[in-house]
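*Asks:* show me how the following folds:
(chains A and B)
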Amino acid sequence: QTVVTQEPSLTVSPGGTVTLTCASNTGAVTSSYYPIWLQQKPGQAPRALIYSTSNKHSWTPARFSGSLLGGKAALTLSGVQPEDEAEYYCLLYYGGAYVFGTGTKVTVL
Amino acid sequence: QVQLVQSGAEVKKPGASVKVSCKTSGYTFTSHGITWVRQAPGQGLEWMGWINTHSYNGNTNYAQNFQGRVTMTTDTSTSTAFMELRSLTSDDTAVYYCARDINWNPDYWGQGTLVTVSS
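*Replies:* Have a look, this model is predicted:
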């Protein structure tokens, strides 16, 4: 069974920088997995932030960036704002099927 | 503007089926697929499957967990996608989401539909 693992929780100060990662139990995550990052706030639908590793949507704030880091997909938030407090999910493509990551709760404190 | 508007909340008994709709607007329906995702209360997101919206194609990919129990369809005349889940149990209580998806890019999402399974 394919498992995609993220940090359960991370805390960051306003204005700080935090990096979330997304690992696959099948091996290194590459661009062929088309990593996607989504943000979800309580009671809301997910909002797409990043697709195909590092591409931003028109609505994605510039402080969000996606990359590959040490065999994992990564989402970096630079200059964190209070409104960035949310759950973040990665999504990987495994040749016909997607698998969601376990999610990371980001607290801005 | 692109919009995906889902049908309203449903309450079903165990063993029943539910069919959730996702009406799209603001783009060419057949140019993007539709991905379906669900989220049980207090849990993470779970991918259910994807359907190609081309009228001549309509092929689907279903997550293994739902094979044999889910059917995804589309009505191109109304730009609407549907997800039917059968043999419901309490474990199927969740919010179900649709999302527009092309080239591994689920960008616009519906507001979600709460399905409650209870006797």
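*Asks:* residues in contact with the residue in chain A positioned nearest to chain B?
*Replies:* Among the residues of chain A, residue A:34 lies nearest to chain B; the distance is 3.7 Å by Cβ to the nearest Cβ. Heads up, the C-betas are built off the backbone N, CA and C, glycines and all. For residue A:34, the set of contacting residues under the criterion of Cβ atoms under 8 Å, 6 or more residues apart in numbering or on different chains consists of A:51-53, A:92-93, B:104-105.
*Asks:* also residue A:89?
*Replies:* With contact taken as Cβ under 8 Å, 6+ apart, residue A:89 is in contact with A:6, A:37-38, A:40, A:46, A:100-101, A:103-104, B:44-45.
*Asks:* of the residues you listed, buried ones?
*Replies:* Buried members of the contacts of residue A:89, counted by 16 or more other Cβ atoms under 10 Å in any protein chain shown: A:6, A:37-38, A:40, A:46, A:100-101, A:103-104, B:45.
*Asks:* confidence-wise, which helix or strand of chain B is lowest on average?
*Replies:* The helix or strand with the lowest mean pLDDT-type score in chain B, counting by mean pLDDT, DSSP states H and E, is strand B:60-62 (a mean of 94).
*Asks:* just checking: what are the partner strands of that strand?
*Replies:* strand B:45-51 (antiparallel) (DSSP bridges).
*Asks:* so what touches the partner strand?
*Replies:* Contact partners of strand B:45-51, identified using Cβ under 8 Å, 6+ apart, comprise A:38, A:40, A:46, A:89, A:91, A:97-100, A:103, B:33-40, B:58-63, B:65-66, B:70, B:72-74, B:81, B:83, B:94, B:96, B:101.
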